[in-house]
Each structure stands twice: as structure tokens, then as C-alpha cells.
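S.K.: below are the sequence and a predicted model; questions follow.
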Amino acid sequence: MTPQTPAEGILKTSDWGDSISYYITCQCTDDVCSHSIEVEADDHSVTVHLYANYRTKFWEKSRWSQIWQILTKGYAEYQTTTMMSQQTAINYSTALTSASNDVTEFKRKRQNETV
């Protein structure tokens, strides 16, 4: 399989040169499972930020159980899964690689302009 343009399951939401953002959809089409990524170049490195909103399965845990977990551990545990088809996974990895190369090149050009 080869990467697609436009890519299945991957939505480019912004491109600021030194920062590129994508929205990754779950194969089940529920927004709860989807997440966003941002590839950013700063003065020192290229970083990837992953943004996801997790929700508890309220029917599996009582409120008291959740409160007790927060009181004793200091946090509540949540988990989500993003299902991707093989094509979406290929597009995902290609988008990360491409964005990383693009922001690195943008950073390099910007540094050469200021010198």
C-alpha cells in the first residue's frame, strides 16, 4: 500500500511553517476515540504533541469508586483506543514523517535568513 493524498483518516488542520497539525479519526467514526497531533520545530528540536480527550466508562465504575481512586492515587485512570485501517496507519506514519521533515526544513531556512 502507498500513502494517499488526500489521506484516509488523516485531516491536516493547520500549517504554520514551524508547526503542522492533524486530526486523526477513529475507524468507528466516534469523536471520543479520535485525537489531534501537532508536529512543531523549536530552537532545539522537533517535537510531536498528541492531544486526546479521554472519558470514563461511567457505567463500569461508580462515582464513589472514581472519587476514592482520585483521593488515594491522586488521579483517575482512563483509556481509549483509536482503531486505524492499514491504509490509515500508513497515512499516519507518512504524515508524521512528512511534517517532521517540513518543519525541520522551515526552521533551517528561517535560521539561514536571520544569519
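M.R.: Structure received. Numbering: from 1, shown residues only.
S.K.: going forward, measure contacts between C-alpha atoms and count neighbours the same way
M.R.: Noted.
S.K.: now the helices: where do they sit in this structure?
M.R.: 63-73, 86-114 (DSSP state H).
S.K.: contacting residues around the lowest-mean-pLDDT helix or strand in the chain?
M.R.: When the helices and strands of the chain are scored by mean pLDDT, DSSP states H and E, helix 63-73 comes last with a mean of 85. By CA atoms under 8 Å, 6 or more residues apart in numbering, the surrounding residues in contact with helix 63-73 are 75-76.
S.K.: test my guess that residue 2 contacts residue 92.
M.R.: No: if you go by CA atoms under 8 Å, residue 2 and residue 92 don't touch, sitting 11.6 Å apart.
S.K.: was I right to think residue 46 contacts residue 39?
M.R.: Yes: in this structure residue 46 lies within contact range of residue 39 using CA under 8 Å: 7.0 Å.
S.K.: wait, which of the helices of the chain is closest to residue 16?
M.R.: helix 86-114 (8.9 Å; CA to CA).
S.K.: the closest one - contacts with which helices or strands?
M.R.: Judged by 3 or more CA pairs under 8 Å, 6 or more residues apart in numbering; DSSP states H and E, helix 86-114 is in contact with strand 10-15, strand 19-24, strand 35-41, strand 46-52.
S.K.: mind putting those strands into TSV with mean pLDDT, mean neighbour count and distance to residue 110?
M.R.: Compiled in TSV, those are given as follows (pLDDT from 0 to 100; neighbours: other CA atoms under 10 Å; distance: least, CA to CA, whole Å):
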stretch	mean pLDDT	mean neighbour count	distance to residue 110
strand 10-15	91	15	15
strand 19-24	92	21	13
strand 35-41	91	21	11
strand 46-52	88	14	14
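S.K.: much appreciated, bye for now.
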